[in-house]
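[1] sequence first, predicted model second:
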Amino acid sequence: MSTARPLSPSERDALLDAARRVTAEDGMEAATVLHPALAKALAEAFARDMGTAIRQRIDGVASIEEFVEALLDTVLTAATTWRDALVLINLALERLRLFEELSEVLEPWSDALRDALAHAQELGVVNRDLDVDTTAFVLRDVLDRTAKAYVVFGQRPYREASAALVRAALRA
C-alpha cells in the first residue's frame, strides 16, 4: 500500500515548470528520452495527486451513480492541474517495460482506487464478485485515458461515455 505524501503546490508547480521547459526545448517525444528522470517524476507525482484526490472525495457515496460521478469529477479536476504535462506523463508510462515498474509508479492512484472499490463493495454499491486489484488497475487506465481526452483534447463526450461504461461494469 502506498504511503506517499501529497505533493505541495510548490513541488507540483516546479515539476510542471520543468515539463513545460523541456517540452518547449526538446519536443514531447524527445523529452521522455532526454529527461527520463523528470518524466518518471512527473508520472509519480501525478499518481500521488490522483490518489490523494480520490481518497479525499470518495467517502460517503451511496449509489453506483454517486461513486462513478465522484471518481470522474475528481480525476478530471485533478488532471486539469496537470494539463501541460499529461501527454509527457503518458509517454513516460508507455516507455516503462516492466509491469512491476509501472505498478510501482502508479501505486498511489491504484491503491486509492482499490480502497475505494473495496469500500463500495462493502456498501453494496459495486459488484462484490469483482477482483478489486485487477479492476483498480483497469479502472485507472480508463480514467487516465478519459482525463487525457477530456483535458488535453477537449473531447467532452468521453466523460459521459466513460461514466456509462464504468457504471455498467461495476454495478452490483
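    The structure has been received and is ready for your questions.
[2] shaky segments in the chain?
    Confidence mapping of the chain against pLDDT under 70 gives the ranges 1-4, 172.
[3] can you name the farthest residue from the center of it?
    Distance to the chain centre peaks in the chain at residue 25, reaching 26.5 Å (criterion: CA atoms, centre = their mean).
[4] residues contacting the host helix or strand of that residue, please?
    Here residue 25 is covered by helix 9-26, with elements defined by DSSP states H and E. Residues from elsewhere that reach helix 9-26 (CB atoms under 8 Å, 6 or more residues apart in numbering): 7, 31, 34-35, 38, 41-42, 45, 49, 81-82, 84-85, 88. Backbone N, C-alpha and C define where each C-beta goes, glycine included.
[5] packing partners for the very next helix or strand once past it?
    For helix 9-26, the following helix or strand on the C-terminal side (DSSP H and E) is helix 28-34. Applying 3 or more CB pairs under 8 Å, 6 or more residues apart in numbering; DSSP states H and E, we find helix 28-34 packed against helix 9-26, helix 36-57, helix 86-95.
[6] tell me which residues of the last one are tucked away?
    Put plainly, it is helix 86-95. The neighbour-count check on helix 86-95 (16 or more other CB atoms under 10 Å) flags 86, 87, 88, 89, 90, 91, 92, 93 as buried.
[7] now swap in the second one and tell me
    Across helix 36-57, burial judged by 16+ other CB under 10 Å covers 38-55, 57.
[8] just the CA coordinates of it, formatted as CSV?
    Written as CSV, here are the backbone C-alpha positions of helix 36-57 (Å, rounded to 0.1, in the frame of the first residue of the first chain):
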residue,chain,number,x,y,z
PRO,A,36,13.7,10.2,-18.3
ALA,A,37,14.1,11.1,-14.6
LEU,A,38,11.8,14.1,-15.0
ALA,A,39,9.3,12.2,-17.0
LYS,A,40,9.1,9.5,-14.3
ALA,A,41,9.0,12.0,-11.5
LEU,A,42,6.0,13.7,-13.3
ALA,A,43,4.2,10.3,-13.6
GLU,A,44,4.9,9.5,-9.9
ALA,A,45,3.7,13.0,-8.8
PHE,A,46,0.6,12.8,-10.9
ALA,A,47,-0.3,9.3,-9.5
ARG,A,48,0.2,10.7,-6.0
ASP,A,49,-2.1,13.7,-6.7
MET,A,50,-4.7,11.4,-8.2
GLY,A,51,-4.5,9.0,-5.2
THR,A,52,-4.8,11.9,-2.7
ALA,A,53,-7.7,13.4,-4.5
ILE,A,54,-9.7,10.2,-4.7
ARG,A,55,-9.1,9.4,-1.1
GLN,A,56,-10.4,12.8,-0.1
ARG,A,57,-13.6,12.6,-2.3
